[in-house]
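Student: Fold the following and give me the result.
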Amino acid sequence: MTETRDPMQGLHLAPTPYVCKVMRVEPQWIDHNGHLNMAYYNVLFDRSVDEFFDMIGIGQTYHNTRNLSTMTAECHVRYIREIHEGDPVQAHVLLIAADDKRLHLFEELRHATEGWLSATSDNLLLHVDMTVRRVAPFPPDIAARLQALVKAQSGAPRPEGIGRGIAMPVKKAAQA
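Tutor: Below is the predicted model of the structure:
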């Protein structure tokens, strides 16, 4: 008798964000202001996305075996509260949407023991065939996993900041 593998095996199918492993702010990442340099927020977010993609099945092994990957098309980071050397941090990741070639991810970087929000990252990623380095559809098995995850996570509360653009605050005219 042949054993059939569950195509959704290992997928985080809860109505909650995926919570990544705890990371620590490294000393070399601290800038002259005494806090985490803005570039290293992206390092922390990127490491978390790597973990999230491994869970989905589109991480390094996917790249190595299928020659398919993702590339970031757009990213919007908001810096909410400073973090410092040695602080334990943890990303919470939501897959907001997925179509045949794109993913919309939203991440929150939180202090791992105190829970407060440090930063958010709103991202649009493209699925790429690395042979030709062009955007390509997800294979059917991966597309099914992505849609199952989007459906499951659609029940999670939506954090403030998803889809937010950059703009100067509008000043109200003084009333006479």
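Student: Show me what counts as buried in stretch 63-74.
Tutor: Leu68, Ser69, Thr70 (16 or more other Cβ atoms under 10 Å). All C-beta spots, glycine's among them, are computed from the backbone N, C-alpha and C.
Student: Ok, stretch 105-120 next?
Tutor: Residues of stretch 105-120 classed as buried under the neighbour-count rule (16+ other Cβ under 10 Å) are Leu105, Phe106, Glu107, Glu108, Leu109, Arg110, Ala112, Leu117, Ser118, Ala119, Thr120.
Student: likewise stretch 10-24?
Tutor: When burial is assessed from 16+ other Cβ under 10 Å, stretch 10-24 yields the following buried residues: Leu11, His12, Pro17, Tyr18, Val19, Cys20, Met23.
Student: Of the residues you listed, which belong to strands?
Tutor: Of the buried residues of stretch 10-24, the ones assigned to strands by DSSP state E are Tyr18, Val19, Met23.
Student: contacts for stretch 18-25?
Tutor: Under the criterion Cβ atoms under 8 Å, 6 or more residues apart in numbering, residues 12, 36, 40, 44, 47-48, 51-52, 55, 83-94, 112, 153 lie in contact with stretch 18-25.
Student: Alpha carbons of that stretch, as PDB, please.
Tutor: Provided in PDB are the C-alpha atoms of stretch 18-25 (Å, rounded to 0.1, in the frame of the first residue of the first chain):
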ATOM      1  CA  TYR A  18       2.600  32.800  11.800                       C
ATOM      2  CA  VAL A  19       5.000  33.500  14.600                       C
ATOM      3  CA  CYS A  20       8.600  33.100  13.700                       C
ATOM      4  CA  LYS A  21      11.500  32.100  16.000                       C
ATOM      5  CA  VAL A  22      13.000  34.600  18.400                       C
ATOM      6  CA  MET A  23      16.000  36.500  17.100                       C
ATOM      7  CA  ARG A  24      18.400  38.900  18.900                       C
ATOM      8  CA  VAL A  25      19.500  42.400  17.800                       C
END
